[in-house]
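Colleague: With the sequence up front, the predicted model follows.
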Amino acid sequence: MNAKFKKIIPQLLTLTFVALVFGFFSYNAQLNMENRGISFGYGFLSQESSFDVQFSLIEYDGSHSYFRAYLVGLLNTILVSVIGIIFATIIGVVVGIARLSTNLLINRSAAYYVEFFRNIPLLLQIFFWYFAALRALPLPEDAEPIFGVIFLTIKGLFIPAFVWNNLDIFLYSLLAAIISIIVIRSYSKRLRENEGKHIPVLYISLGLIVGLPLISFLIGGVTLNFEIPELVQLAKTSFRFNGGLGLPPELIALTLALALYTATFIAECVRAGIQGVSKGQKEAAASIGLTPNQVLKLVIMPQALRIIIPPTTNQYLNLTKNSSLAAAIAYPDLVLVFAGTALMQTGRAIEIVSITMLTYLSLSVSISVLMNWYNKKIAIKEK
Amino acid sequence: MFKIKQITSLLAVVAVLFGFATESFAAKKSKTLKNTIKQGFVKCGVSQGLPGFSNADASGNWTGVDVDVCRAVAAAVLGDANKVKFTPLSAKERFTALTSGEIDVLSRNTTWTLSRDADIGLTFVGVNFYDGQGFMVRKNSGMTSVNDFKDGISACTNIGTTTELNMRDFFNSKGISYEPVAFEKADEVVAAYDAGRCDTYTTDKSGLAAQRTKMSNPDDHIVLPETISKEPLGPVVRQGDAVWEDIVRWSLNTMIEAEEYGINSGNADSLKTSDNPAVKRIVGAEGEMGAALGLDNDWSLRIIKQVGNYGESYKRNIADTGILPDRGPNEIWTNGGLLYTPPAR
């Protein structure tokens, strides 16, 4: 009883202290706001926002609510983070493996890339990609088409948009293909473990994922057309592209900067992970007759991943949080739209900043949870 | 003997109390005034660089009509127009800086609107520049009026300003779709517009005129004639300090009224003996205007002598720099403008 009590006392004291500190600050804020005639509340979220946003994944204009504007910002933040994470991972893995190459040219260029990009502040890199690289891009009327249909201009990247007919049937066929692949994989695994037979899973899977959607085109009535962007004239020397899918230059510059910057850190994680697997593992695997590819795939990578994942999770979190630098180059992310324009128009600093902080916290925690789950999944299962 | 001593000491106490009370009755009521006197400078929030309004030169000297409002307050309260600490603020930061007490006067080309005045703990004390939102386009685009705008036009602007809201109202009423590209800092808006990212740049017309001077080639750009909104710009203080509010308001009014009565930094001293009682009141030779504000009676004279009247400030900062040589609505009402102040009496 006494020992238990002793254990609880410090915890209680800490808790009381934390509560007091929080209480003090919230009381202070309340008092100051009262003195200055500022009201507190979240009612503004349902008011009409009356400002427009440049780029939005959901339908939005100024006649929607502030809450809708918040969702627009949040989705844009998630969009740039997801694209950034995908590209950063691909570049990072390639560069990380290249760092270990015995080819001096590959090895050195990977090393220079890492040292160059990770040692320049991210904000400067964003400015560089936006202002320096953007200025070098052609005006819409001067843009040379890439493959005849893609236009990279100072006003953004314009690519053909897909125009689907019976898109749902196509999606069902894709879903059916994925489910059958999962079934076949588990069947082949059982077959291999029980009877030692190999079936060519890869080829069957490829056949399914190409074949089933193809059938949906042939007999399911699915059609796909392309809407190609076309140049329209606004004024004598002012043009833009209409139709197709337009990606704003702000999104491109931000994604590029975030991916290239974060990839350097991921590359180092990958290199450290691979080097962290003891040499004996590789030699042992080779000595039982595995091919170099099998060595990498079956022996080295599973062990390296366990070293790579936790620090890479940090980099994913950093990328997500760094995406808030978007405000500097007019990409309408959460900080620009909600903690920027909405904050200014409503003047509700405490409410909006607290919502924004909580949102970033939830985003980061979600990524952490996901990555921890993956980390657990690939950890050595002690039997 | 004993009695006399008692009476004198009582008198002394009364005198001290009375003196204390009369001298700083207003000051005692105003926390901001008290703090300003104690720290020896006025904490003033300005823009991050808008020529003509608030702009710092290479050696860190601030000039502009917005800057002059703060200098006038410093001259009135502290006796020296240079005792101002300027804090450059973005449009986004400005109100928080004021309500949190980081600055005591916000003089940063800020539009007076109902919701800002009433909802977020601010008080606008007056108007030191009547402005309106306009559009800038490239000259070679051939656009000469907002009627030339077509669907899909991209417009660069600042976030967190009334500009964003007016722009929406304007394009909606015209039925034109547009792409808003909103930056946090004015310099970045200018850079992006200059690079060709946007077809038009929209903000207050004074801002357009001022930013045009920063373009790589100012003559390539024109400001379209239309004005799409009312933008009365003026200094702002925190709600809840009526004395400080009055000081800032009447510092601005003094500059405007001085111009109306032809009082300037050169002739202010000699006009102390003027025949016109209104003039004498403005230069502090008649009446007790200063005491009502918790200041001495030379406060207004110092403003006029150290900062000048509104016309001098306009000429020095906006006309002579080529930003807006024509005063337009920012002319004294007797000359057909909108500047009209309540009388100092």
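Modeller: That came through, no problem.

Colleague: Thought B:Val279 was touching B:Arg345, still the case?
Modeller: No: here B:Arg345 lies out of contact with B:Val279, judged by C-beta atoms under 8 Å, at a distance of 11.7 Å. All C-beta atoms are positioned from the backbone trio N, CA, C, and that covers glycine.

Colleague: Which of the two has more residues huddled nearby?
Modeller: Just comparing B:Arg345 and B:Val279: by other C-beta atoms under 10 Å in any protein chain shown the higher neighbour count belongs to B:Val279, 21 against 10.

Colleague: What residues does residue 310 make contact with?
Modeller: Chain wasn't specified; assuming chain A. When contacts are counted by C-beta atoms under 8 Å, 6 or more residues apart in numbering or on different chains, A:Pro310 touches A:Met371, A:Asn375.

Colleague: hmm, I had chain B in mind actually
Modeller: B:Asn128, B:Met255, B:Ile256, B:Ala258, B:Glu259, B:Ile332, B:Leu339.

Colleague: again, only using 10 Å
Modeller: B:65, B:68-69, B:72, B:128-129, B:252-260, B:327, B:330-332, B:339, B:341 (C-beta atoms under 10 Å, 6 or more residues apart in numbering or on different chains).

Colleague: Could you do B:Ala74 as well?
Modeller: Here B:Ala74 is in contact with B:36, B:40-42, B:44, B:80-85, B:105, B:251, B:302-303, B:306-307 (C-beta under 10 Å, 6+ apart).

Colleague: Recalculate using a threshold of 7 Å.
Modeller: Residues in contact with B:Ala74, defined by C-beta atoms under 7 Å, 6 or more residues apart in numbering or on different chains, are B:Val42, B:Asp80, B:Ala81, B:Lys83, B:Val84.

Colleague: Which of those has the largest number of neighbours?
Modeller: B:Val42 leads those on contacts (other C-beta under 10 Å) with 27 neighbours.

Colleague: if we can go back for a sec, buried ones among the contacts of B:Tyr310?
Modeller: B:65, B:68-69, B:72, B:128-129, B:252-260, B:327, B:330-332, B:339, B:341 (16 or more other C-beta atoms under 10 Å in any protein chain shown).

Colleague: wait, A:Asp52 sits on B:Val181?
Modeller: No: A:Asp52 is not in contact with B:Val181 according to C-beta atoms under 7 Å; the separation is 10.7 Å.

Colleague: shared neighbours, those two?
Modeller: Residues touching both A:Asp52 and B:Val181 (C-beta under 7 Å, 6+ apart): none.

Colleague: which residues in the chain form helices?
Modeller: You didn't pick a chain, so chain A it is. A:2-35, A:66-98, A:104-118, A:122-127, A:133-136, A:167-195, A:201-219, A:249-276, A:279-287, A:292-294, A:301-322, A:334-336, A:343-346, A:349-378 (DSSP state H).

Colleague: nope, chain B
Modeller: Under DSSP H, chain B gives helices at B:2-23, B:25-29, B:31-39, B:65-78, B:94-99, B:114-119, B:162-174, B:186-195, B:205-212, B:242-260, B:277-282, B:289-292, B:299-306, B:310-314.

Colleague: now, of the ones you listed, which is deepest in the fold?
Modeller: Most buried of the helices of chain B by mean neighbour count (mean count of other C-beta atoms under 10 Å in any protein chain shown) is helix B:65-78; its value is a mean of 28.

Colleague: Between its first and last residues, how far does stretch A:135-154 reach?
Modeller: Its first and final residues considered, stretch A:135-154 spans 7 Å by C-alpha to C-alpha, to the nearest Å.

Colleague: any idea of the mean pLDDT for it?
Modeller: Mean pLDDT, stretch A:135-154: 81.

Colleague: buried ones in that stretch?
Modeller: Counting neighbours by 16+ other C-beta under 10 Å, the buried set in stretch A:135-154 is A:Leu137, A:Pro140, A:Ala143, A:Ile150, A:Phe151, A:Leu152, A:Thr153, A:Ile154.

Colleague: How about the backbone phi and psi for the first one?
Modeller: Put plainly, it is A:Leu137. phi -80, psi 150 (degrees, to the nearest 10).

Colleague: contacting residues around the nearest residue to it once chain neighbours are set aside?
Modeller: The spatial neighbour of A:Leu137 that comes closest, neighbours along the chain excluded (C-beta to C-beta, 6 or more residues apart in numbering or on different chains), is A:Ile154 at 4.6 Å. The neighbours of A:Ile154, taking C-beta under 7 Å, 6+ apart as the test, are A:Leu134, A:Leu137, A:Pro138, A:Leu139, A:Pro249, B:Ala195, B:Gly196, B:Arg197.
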